[in-house]
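A.B. asks: need a 3D model of the following:
(one chain, ligands or ions: 1)
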Amino acid sequence: MNREMIIVLDFGGQYNQLIARRVRECNTYCEVHPYTLPLSEIKAKAPKGIIFTGGPNSVYGADSPQADPELYKLGIPILGICYGAQLLAHQLGGKVETAPVSEYGKTEVSFEKSGALFGELCGEPGNSGCTIAWMSHTDYIAKAPEGFSVTAKTPVCPVAAMECPEKGFYATQFHPEVMHSKEGFKILKAFVNDVCGCTGKWQMASFADETIKAVREKVGSGKVLCALSGGVDSSVAAVLLSKAVGKQLTCVFVDHGLLRKDEGDQVEAVFGPDGPYDLNFIRVNAQQRFYDKLAGVEEPERKRKIIGEEFIRVFEEEAKKIGAVDFLVQGTIYPDIIESGLGGSAVIKSHHNVGGLPDYVDFKEIIEPLRMLFKDEVRKVGLELGIPEYLVYRQPFPGPGLGIRIIGEVNAEKVKIVQEADAIYREEIDRAVKEGKMVAPNQYFAALTNMRSVGVMGDFRTYDYAVALRAVTTSDFMTAEAAEIPWAVLSHITTRIVNEVKGVSRCLYDCTTKPPATIEME
Ligand code: XMP
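C.D. replies: Purely as a prediction, here's the structure:
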């Protein structure tokens, strides 16, 4: 097998796995390792190139991660991205400073046509040497090290990219790996193929076949319990497992009372005994149990932990009823892991199915068959497994459900309000998409703000909640933009929600990108 390899050294950024994935899209094998990976191991792997990722630190911080200086002597091309770029500058004699203005989001970058990473962009008709790239930084490179030439700038950033081809060092302050960097993939491909000389012959073997085989071997004759939520990830994980171990698998669906309107019944219709799959299916109606635990709790991370922990307790109880369960299956995917900080990145949210897992889980082992995949890769696997398209393309729904779409304390009354508002919102967006009035956003939902405001209905004063509407376009859920919804559609949705949902007197539309915001509000 062709094993030309790129190593990604992880300095704690949010997009590290994404870099690996883009390299894999160049048909080049790629591994992600902590930046502390010993030099001897790096040498043994004989990579064709090394990429330093971004990270939350400043290169001048007391404990800020540094690259082993010996790396620079290996003669292997290095690409530094964001923090990685600043590290190259800092360690090789340039100057890094706090930028006068932080840059977040889409930024126009003008580049030098002679830059090795930008060569392919120049061949494009009408390309004037400018591109849109995604920035997320507070420090910047004020001066490139000696021997480097500056190959890109922004109005704020004097060194948005630099290179020293003689030594094989390249750096971009922006993130070429994210989709919002318009030509970022070409820039990464230029590094992988042109600079590192990778031939692009590596192919990812069929993930579904390999995983089914591996799971079958691991489970043997053991019993498996699957946490089924009905979302894309856990549905794909459940079908994958059912193909691997058949009736050794029991899927438990916990209705925690934080699902979208009618969703519990819909999940039962698909995965229950009347559905198309040959699964053992148990539905647990645990709504009140979750509401009781959440009473008086306002802090989002506490809510996540409580919901996650209660989930596990319910599973344990079910497992005991089934008897001798060996494995628990979860639909954890890559972004859950990265954003939970388990890969060394900063903790943004502890997703309940990863960071919030209690240590005393009563199972032999947890199986997470999708933990290496991004959402669109999970969908591909789902289609390969023959799961119907309407399920595969269902928009994602967080594990803690409406619990994190209700700002502040969660209770049954608030759940009902947000369910009704969300159902109207989704119905109207779906209609507008079908009628060709807008492009389908990748995720859209209503959330209940904790804000109450004065209104007037009929001749009466009201003091009701404001609902926040969120719709984003994204392909990887790591970065996102607010979707453009035609005004007529938004205003019709607002009228319907305030007229039809008791307890709501205002609708607000969230226009924020990710970063700096996240997709969910909590
Ligand atoms: P954020 O809000 O972090 O969301 O930008 C990125 C994607 O992850 C989903 N999300 C979650 N999924 N448990 C989950 O299983 C969680 O706690 C959680 N929080 C966010 C979110 O819906 C989006 O698709």
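
A.B. asks: okay, and residue 301 sits in which element?
C.D. replies: helix 300-322 (DSSP states H and E).

A.B. asks: buried stuff in the following helix or strand past that helix?
C.D. replies: Sequence-wise, the next helix or strand downstream of helix 300-322 (DSSP H and E) is strand 327-329. Going by neighbour count (16 or more other C-beta atoms under 10 Å), the buried part of strand 327-329 is 327, 328, 329. Just so you know, the C-beta spots here come from the backbone N, C-alpha and C atoms, and that holds for glycine as well.

A.B. asks: packing partners of strand 327-329?
C.D. replies: Packing contacts for strand 327-329, counted by 3 or more C-beta pairs under 8 Å, 6 or more residues apart in numbering; DSSP states H and E, involve strand 224-227, helix 232-245, strand 365-367.

A.B. asks: what pairs with the shortest one, and is each one parallel or antiparallel?
C.D. replies: Translated: strand 365-367. strand 327-329 (parallel) (DSSP bridges).

A.B. asks: quick one: mean pLDDT for the strand it pairs with?
C.D. replies: Confidence for strand 327-329, expressed as mean pLDDT, is 89.

A.B. asks: does residue 470 sit in a helix, a strand or a coil?
C.D. replies: Classification of residue 470 using DSSP: H, G, I helix; E, B strand; the rest coil returns strand.

A.B. asks: enumerate every residue touching it.
C.D. replies: Counting by C-beta atoms under 8 Å, 6 or more residues apart in numbering, residue 470 touches 443, 444, 445, 446, 447, 482, 510, 519, 520, 521.

A.B. asks: tabulate those in TSV, adding columns for pLDDT.
C.D. replies: As requested, the contacts of residue 470 are exported to TSV (pLDDT from 0 to 100):
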residue	pLDDT
443	96
444	98
445	98
446	98
447	98
482	98
510	98
519	97
520	97
521	95
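
A.B. asks: among the residues you listed, which ones are buried?
C.D. replies: 443, 444, 445, 446, 447, 482, 519, 520, 521.

A.B. asks: quick check: phi and psi on the first one?
C.D. replies: Backbone geometry at residue 443, expressed as degrees, to the nearest 10, gives phi -150, psi 130.

A.B. asks: can you tell me, leaving aside adjacent residues, what's nearest to it?
C.D. replies: Spatial nearest neighbour of residue 443, excluding adjacent residues (C-beta to C-beta, 6 or more residues apart in numbering): residue 395 at 4.9 Å.

A.B. asks: ok, the one you found - how many residues close by?
C.D. replies: 16 (other C-beta atoms under 10 Å).

A.B. asks: what separation is there between it and the ligand?
C.D. replies: Computed as C-beta to the nearest ligand atom, to the nearest Å, the residue 395 to the ligand distance reads 8 Å.

A.B. asks: what sits against that residue?
C.D. replies: By C-beta under 8 Å, 6+ apart, the neighbours of residue 395 are 442, 443, 444, 445.

A.B. asks: tell me which helix or strand it sits in.
C.D. replies: Going by DSSP H and E, residue 395 is not in any helix or strand.

A.B. asks: domain parsing of this protein, as residue ranges.
C.D. replies: If you go by automatic domain parsing, the domain ranges for the chain are 5-195, 207-392, 406-510.

A.B. asks: mind pulling up the pLDDT for residue 167?
C.D. replies: On pLDDT, residue 167 comes in at 97.

A.B. asks: my guess is it contacts residue 195. True?
C.D. replies: No. At 11.6 Å, residue 167 and residue 195 do not qualify as touching, with contact defined as C-beta atoms under 8 Å.

A.B. asks: the closest residue to residue 440 other than its chain neighbours and residue 439, how far apart?
C.D. replies: Leaving aside its sequence neighbours, residue 440 sits nearest to residue 433 (C-beta to C-beta, 6+ apart; 4.5 Å). Remark: distance between residue 433 and residue 439 (C-beta to C-beta, to the nearest Å) = 7 Å.

A.B. asks: more crowded one of the two?
C.D. replies: More crowded of residue 433 and residue 439, by other C-beta under 10 Å: residue 433, with 15 against 12.
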